[in-house]
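Asks: generate coordinates for the sequence data below:
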Amino acid sequence: MTGHGRLPDFLAAIFDLDGTLLDSTRLWHDIDVQFLKKRGIPAPPDYMENIKTLNYEIGAAYTKKRFHLRESEADIIAEWHAMALKQYRDEIGLKPHAAEFLAYLKKHGVTICAATASDESLFLPALKRCGILPYFSNFTQTREVNRDKGAPDVYIRAAFKNHVSVGECIVVEDTLKSIQGARAGGFFTVGVADAGSADQEDEIRKTADLFVQNLGELIA
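Replies: Okay, here's the model as predicted:
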């Protein structure tokens, strides 16, 4: 795709899902708060920030160790999953102009894929219900690599799976840690505003190559 507006030339777009395309950040914030509250533990701000980009397995191990929980990691995952499943299946919607931007990219021949810490049993029903699942060529989950989104591994793997180089991709994310990870891999990064990252917005603006309030701003 020839560069449009403020975007460079690119062949593939690697999207985060939660908070970038899916309006689900508040759900996960509430789940984390409720999970700890049930155990009489206040939710520390640094924990809430760190857990955002972790998948089930890494997040459960981190949570169990940090709060010295008696539950197994499998039990923690099962509780989180049960709390989230119905909302992903029936309620979670899209961020503003997400569908429009995906249609725009598809029209211009851009390969669309995702790099996510989420579980496919959650995001696939949500993407299907919202009508955007057919846009995606594939999905790369952080469990496929050794490090979380603070490192570039998941984005590099997504590029490899789509047969494009780092320089031929853009990465679209909503959290500072993820943008830092993608930039460490040499990707052009687009930061998208999200309520869950509002306290980071100034730093995201400084770190990302481009920052937008919504994806509609990227449609030429």
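
Asks: contacts for stretch 187-205, please.
Replies: Surrounding stretch 187-205, the residues in contact under the criterion CB atoms under 8 Å, 6 or more residues apart in numbering are 7-8, 10, 14, 19-20, 25-26, 28-29, 52, 95, 152, 155, 166, 169-176, 179, 182-183, 207-215, 218. Where C-beta positions appear, they are placed from N, C-alpha and C, glycine not excepted.

Asks: could you check how far the nearest residue to Gln213 once chain neighbours are set aside is from Ala208?
Replies: What sits nearest to Gln213 in space, not counting adjacent residues and going by CB to CB, 6 or more residues apart in numbering, is Ala193, at 4.7 Å. Separation of Ala193 from Ala208 (CB to CB, to the nearest Å) stands at 11 Å.

Asks: quick one, which of these two is more surrounded?
Replies: Ala208 (23 against 18; other CB atoms under 10 Å).

Asks: contacting residues for the more buried one?
Replies: By CB under 8 Å, 6+ apart, the residues touching Ala208 are Glu173, Ile179, Arg183, Thr189, Val190, Gly191.

Asks: so where does Met48 fall, helix or strand?
Replies: Using DSSP states H and E, Met48 maps to helix 45-51.

Asks: cool, and Leu127?
Replies: Using DSSP H and E, Leu127 maps to helix 120-129.

Asks: what's that helix packed up against?
Replies: If you count contacts as 3 or more CB pairs under 8 Å, 6 or more residues apart in numbering; DSSP states H and E, helix 120-129 packs onto helix 73-90, strand 138-141.

Asks: how about the CA coordinates for the first one, as PDB?
Replies: The C-alpha trace of helix 73-90 is given here as PDB (Å, rounded to 0.1, in the frame of the first residue of the first chain):
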ATOM      1  CA  GLU A  73      -2.200 -21.300  37.800                       C
ATOM      2  CA  ALA A  74      -4.800 -23.400  36.000                       C
ATOM      3  CA  ASP A  75      -7.500 -22.500  38.500                       C
ATOM      4  CA  ILE A  76      -6.600 -18.800  38.100                       C
ATOM      5  CA  ILE A  77      -6.900 -19.000  34.400                       C
ATOM      6  CA  ALA A  78     -10.200 -20.900  34.600                       C
ATOM      7  CA  GLU A  79     -11.600 -18.200  36.900                       C
ATOM      8  CA  TRP A  80     -10.500 -15.300  34.600                       C
ATOM      9  CA  HIS A  81     -11.800 -17.100  31.500                       C
ATOM     10  CA  ALA A  82     -15.200 -17.800  33.000                       C
ATOM     11  CA  MET A  83     -15.500 -14.100  34.000                       C
ATOM     12  CA  ALA A  84     -14.700 -13.000  30.400                       C
ATOM     13  CA  LEU A  85     -16.300 -15.500  28.200                       C
ATOM     14  CA  LYS A  86     -19.900 -14.400  28.100                       C
ATOM     15  CA  GLN A  87     -19.000 -10.700  27.500                       C
ATOM     16  CA  TYR A  88     -16.700 -11.600  24.600                       C
ATOM     17  CA  ARG A  89     -19.400 -13.900  23.100                       C
ATOM     18  CA  ASP A  90     -22.400 -11.500  23.600                       C
END
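
Asks: great, nothing more from me.
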